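Enquirer: Structure, please.
(one chain, ligands or ions: 2)
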Amino acid sequence: MGALTDKVATKKYEPHVAMGPEVDDDAVFSLLGAPLIDCMLGGGRACCIAYGQTGSGKTHTQTNLQIRAARELFRALETRGEELLVMVSFFENCGDRCYDLLHERHEVQLRDDGTGEVHLAGLRAVPCATVEDVHDALAFGNRVRRTEATAANAQSSRSHSICTLSLHQPSQAADATTPVGSLRIVDLAGSERHENSATHSAERLQEMKEINYSLGCLKECIRSQLLAAKGKKQQHVPYRNSKLTLLLKENLEPGIGEQDHRRTAFIAHVSPMRSSAAHSRNTLDYAAAMIETSRAEQERKKFVGPEQWSKKHMVDWVAQLDGGRFTHLAPSFQMTGKMFAVSWVGELHRRVKAAGGTEADSNFIYDAFHMELKKAKAAQRSRKPSDSSEARTAAVASANQKRKANPTRPWESSGLGVAMELDVPAPHPGVHVQRE
Ligand SMILES: Nc1ncnc2c1ncn2[C@@H]1O[C@H](COP(=O)(O)OP(=O)(O)OP(=O)(O)O)[C@@H](O)[C@H]1O
Ligand SMILES: [Mg+2]
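Expert: Ligands and ions are numbered 1, 2, ... in the order given. Presented below is the predicted three-dimensional model:
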């Protein structure tokens with residue numbers, strides 16, 4: 001971001017993609033929506049969250065995304081000749097309550113099944129045979145969503161909305177809870193400043209408090225996730241503090257294992273007006289925290305300490321230990337590093353003795369492994385994402401080159417995307433963070 005006031009120093013952000021005024025709705029979709037549709041069609045859980053101050057264009061962006069995503073989804077299913085059922089659900093969250101926007105705003109109960117999965121009891125998804133069916137359903141939901149005029153926006157969203165397009169095997173039509181791919185489009189309500197609330201009714205004041213509280217909880221989760229990803233210490237992420245964060249937990253938390261195919265795009269909307277500078281900076285700081293979290297997680301995934309060793313690696317390590325004096329015992333260490341780390345020393349004595357070694361040999365190997373483990377953990381703790389800033393700068397430069405060569409879908413050629421200084425005098429620039 002450029003100089004916000006004469007007194008504020010320049011601050012640089014490195015989003016994956018930055019979009020200025022020249023980027024139209026189709027381009028926004030090909031940059032953001034298309035990779036999410038790919039994820040969904042690949043059986044994954046895709047999500048796009050629009051975040052930013054009131055009046056900065058979140059609803060505009062997400063409504064366009066809804067329309068284009070439906071179109072692209074049906075087009076892709078037709079091209080692939082796949083017989084999948086498309087279903088749509090749409091609800092809004094106001095404070096502790098959720099309402100089904102496609103069914104007379106019926107109240108929906110949010111339930112945690114105890115395993116960490118959150119269910120919306122009573123939310124009814126609508127089967128859609130054509131793209132027009134999806135458009136009609138979403139247009140209806142958008143019309144009945146709670147809006148009010150605020151100082152910054154004549155049609156300000158006064159609730160958080162979550163629209164979900166999901167794919168189902170036709171045989172599963174009755175069981176809409178087990179999609180084979182889904183896309184969530186989240187349009188958050190914008191926070192309002194207290195100084196703009198002088199003429200608010202008691203109801204509006206309560207609504208403003210609820211919105212500001214839930215957005216505060218979201219920020220807190222983003223902050224805690226960053227600390228957790230950096231592995232500073234066991235970090236509790238307070239998703240349970242609000243219904244909004246409980247709802248978004250599955251899209252914000254890191255994936256579990258390779259089978260867990262999730263992709264979340266986070267769009268930070270900023271307004272170029274000087275009077276919005278503080279808001280914009282705050283929005284971008286949270287987007288930056290999301291980027292750092294994503295980067296720290298990637299680094300952690302890449303990290304291969306003794307606990308990640310394969311059986312072969314373990315055998316080779318024992319064979320070369322202390323100048324190779326345990327080579328004859330190595331074949332008996334057909335175990336993963338993870339297994340070794342939790343093994344009881346008595347179990348190792350048994351293995352080593354069976355292979356012709358002594359208890360002293362077993363103690364030596366046990367101590368050497370745990371020493372390696374300790375060193376690796378210390379090294380991992382001291383690895384800060386910024387350690388790799390040179391490599392990142394080079395990657396960003398190369399991503400920029402590739403983006404120029406392939407302007408419509410830049411991140412297919414790069415996981416990192418584009419770095420830009422956000423001093424673009426744009427009416428509705430968006431900053432987009434992609435995480436997997
Ligand atoms: N890219 C755009 N091009 C043209 N008009 C836009 C664009 N983005 C937003 N607008 C217009 O700006 C106004 C405010 O946008 P919008 O309602 O999307 O803001 P918002 O971030 O959802 O605000 P709130 O948090 O109050 O709901 C609307 O009239 C909208 O049509
Ligand atoms: Mg809105």
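Enquirer: Touching stretch 59-74 from outside, list them.
Expert: 25-26, 28-29, 32-34, 36-37, 40-41, 48, 50, 86, 128, 130-131, 134-135, 138, 142, 155, 157, 161, 163, 165, 183, 185-187, 267, 269, 428, 430 (CB atoms under 8 Å, 6 or more residues apart in numbering). C-beta: built from backbone N, CA, C; applies to glycine.
Enquirer: So that stretch, near ligand 2 or not?
Expert: Yes. Where contact is defined by CB under 5 Å from the ion, part of stretch 59-74 touches ligand 2, namely T59.
Enquirer: ok, now which ones touch C39?
Expert: If you count contacts by CB under 8 Å, 6+ apart, C39 has them with R45, A46, G181, L183, H261, R262, R263.
Enquirer: which element is it on?
Expert: Counting by DSSP states H and E, the element that carries C39 is helix 34-41.
Enquirer: any idea how far that helix is from the chain center?
Expert: What separates the centre of helix 34-41 from the centre of its chain is 14 Å, taken as CA atoms, centre = their mean, to the nearest Å.
Enquirer: how long is stretch 165-183 end to end?
Expert: 5 Å (CA to CA, to the nearest Å).
Enquirer: Please work out the average pLDDT along that stretch.
Expert: The predicted model assigns stretch 165-183 a mean pLDDT of 79.
Enquirer: Same check on stretch 45-62?
Expert: Per-region confidence: stretch 45-62 scores 92 on mean pLDDT.
Enquirer: now swap in stretch 137-156 and tell me
Expert: The predicted confidence, averaged over stretch 137-156, sits at 87.
Enquirer: What parts of this structure come near ligand 2?
Expert: If contact is defined as CB under 5 Å from the ion, the residues of the chain in contact with ligand 2 are K58, T59, S157.
Enquirer: and the residues you listed near ligand 1, which?
Expert: Checked against ligand 1 using CB under 6 Å from any ligand atom, the residues of the chain next to ligand 2 give the following subset in range: K58, T59, S157.
Enquirer: Where does the residue nearest to the last one when sequence neighbours are not counted sit: helix, strand or coil?
Expert: It stands for S157. In space, not counting the residues next to it along the chain, S157 is nearest to A189; the distance is 4.8 Å by CB to CB, 6 or more residues apart in numbering. Under the three-state scheme (DSSP: H, G, I helix; E, B strand; the rest coil), the conformation of A189 reads as coil.
Enquirer: which phi and psi does the residue in the stretch 201-350 of the chain that ligand 2 sits nearest to have?
Expert: Among residues of the stretch 201-350 of the chain, the one nearest ligand 2 by CB to the ion turns out to be H269. It sits 9.6 Å away. Backbone torsions for H269, taken as degrees, to the nearest 10, come to phi -90, psi 130.
Enquirer: Surely it is in contact with G52?
Expert: Yes. Taking contacts as CB atoms under 8 Å, H269 lies within contact range of G52: 3.1 Å.
Enquirer: what is in contact with these two at once?
Expert: Common neighbours of H269 and G52 (criterion: CB under 8 Å, 6+ apart): K58, T283.
Enquirer: which stretches of the stretch 151-300 of the chain form helices?
Expert: Remark: helices of the stretch 151-300 of the chain, listed N- to C-terminal, are 202-229, 243-252, 277-302; assignment by DSSP state H, counting those that start in this stretch.
Enquirer: just to revisit the earlier point, which is the next helix or strand following the helix holding C39?
Expert: Stepping forward along the backbone from helix 34-41, the first helix or strand reached (DSSP H and E) is strand 45-52.
Enquirer: Dump that next one to PDB, restricted to CA.
Expert: Taking Å, rounded to 0.1, in the frame of the first residue of the first chain, the C-alpha atoms of strand 45-52 are listed here in PDB:
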ATOM      1  CA  ARG A  45     -14.400 -28.400  -0.600                       C
ATOM      2  CA  ALA A  46     -13.800 -25.000  -2.200                       C
ATOM      3  CA  CYS A  47     -14.700 -21.700  -0.600                       C
ATOM      4  CA  CYS A  48     -14.400 -18.000  -1.300                       C
ATOM      5  CA  ILE A  49     -14.700 -15.500   1.500                       C
ATOM      6  CA  ALA A  50     -15.200 -11.700   0.900                       C
ATOM      7  CA  TYR A  51     -13.900  -9.500   3.600                       C
ATOM      8  CA  GLY A  52     -13.600  -5.800   4.000                       C
END
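Enquirer: Thanks again, I'm all set now.
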